[in-house]
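[1] Provided below are the primary sequence and the corresponding predicted coordinates.
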Amino acid sequence: MLYLVATPIGNLKDISLRALEILEKVDFLLCEDTRNTGLLLANLNIKNKPRLISFYDEVEEQKIPEVIKLLENGGNVALVSDAGTPIISDPGFKLVKKCRSLGISYTAIPGACAAINALVLSGIPAGRFVFLGFLPKKDGERLKILEKYKQFEGSKIAYESPFRVKKLEEQIKTIYGDNVQISIIREMTKKFEEILPTINKEIKGEVVVVFN
């Protein structure tokens, strides 16, 4: 069985009881960074010692045959990302697609998701929304996507680097006009969580931008 396990995006207390139960029983744990996941298991006081397998975007495809073999041999395998819900701008989609095609059982253990948490905090209507993931670094490609979704009647959610978020804010205002609603949310669930209407200072940490 393959388990897609959501992990906290900052505050360890956001781990679910079901996620703890799964982490205590799996034989193998696929993770973006084995060091980060090892530290997470230690901080959560997980007594189980699953074999940690490096599983990030660049190696996902080549690791899939190994993982499928483990599953076909009866192994319990969990997939986690460094933070939040697997597959949402993180590895796992290709593995799930393969499991589905082969009839291998899998399920998701829901929990924290930065995109949804940011939408809830944004103060912007959440009845209809679209997730844009990480926008391209190149201006031309980024502007093309922003222009494409201008006609979408709902909120847009994007992940962004703190070093590029001011530029993204300016580009959004250029395309959507000065009346566009923008919320910039950083360090969610952590001590220095902030919900900002604009960037007027240097910021650090994980950033999600919600606009409409």
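    That came through fine.

[2] domains in the protein, by residue range?
    2-109, 114-211 (automatic domain parsing).

[3] save these as JSON lines, and put in mean pLDDT and mean neighbour count too.
    Where you see a C-beta, it was placed from the backbone N, CA and C, and this is true even at glycine. JSON lines is the format used below for these (pLDDT from 0 to 100; neighbours: other C-beta atoms under 10 Å):
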{"stretch": "domain 2-109", "mean pLDDT": "97", "mean neighbour count": "17"}
{"stretch": "domain 114-211", "mean pLDDT": "95", "mean neighbour count": "16"}
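
[4] can you pull the contacts of S161?
    V207 (C-beta atoms under 8 Å, 6 or more residues apart in numbering).

[5] swap in 10 Å and give it another go.
    By C-beta atoms under 10 Å, 6 or more residues apart in numbering, the contact list for S161 reads F134, L135, K137, K167, L168, E206, V207.

[6] from those, which is closest to K144?
    The closest of these to K144 turns out to be L135 (C-beta to C-beta; 10.1 Å).

[7] enumerate every residue touching that closest one.
    L135 neighbours (C-beta under 10 Å, 6+ apart): 141-143, 145-146, 158-161, 164, 168, 171, 209.

[8] and the contacts of the helix or strand that I53 is a member of?
    Using DSSP states H and E, I53 sits within strand 51-54. Strand 51-54 has contacts (C-beta under 10 Å, 6+ apart) with 26-35, 37-38, 41, 59, 63, 66-67, 70, 75, 77, 79-80.

[9] what do you get if the cut-off is 7 Å, keeping everything else the same?
    D27, F28, L29, L30, C31, T34, T37, G38 (C-beta atoms under 7 Å, 6 or more residues apart in numbering).

[10] what helix or strand does the last one sit in?
    Just to be clear, that refers to G38. helix 34-43.

[11] so which elements touch that helix?
    strand 51-54 (3 or more C-beta pairs under 7 Å, 6 or more residues apart in numbering; DSSP states H and E).

[12] ranges for the helices of this structure?
    Secondary structure of the chain (DSSP state H): helices at 17-23, 34-43, 60-72, 93-102, 114-122, 139-148, 165-176.
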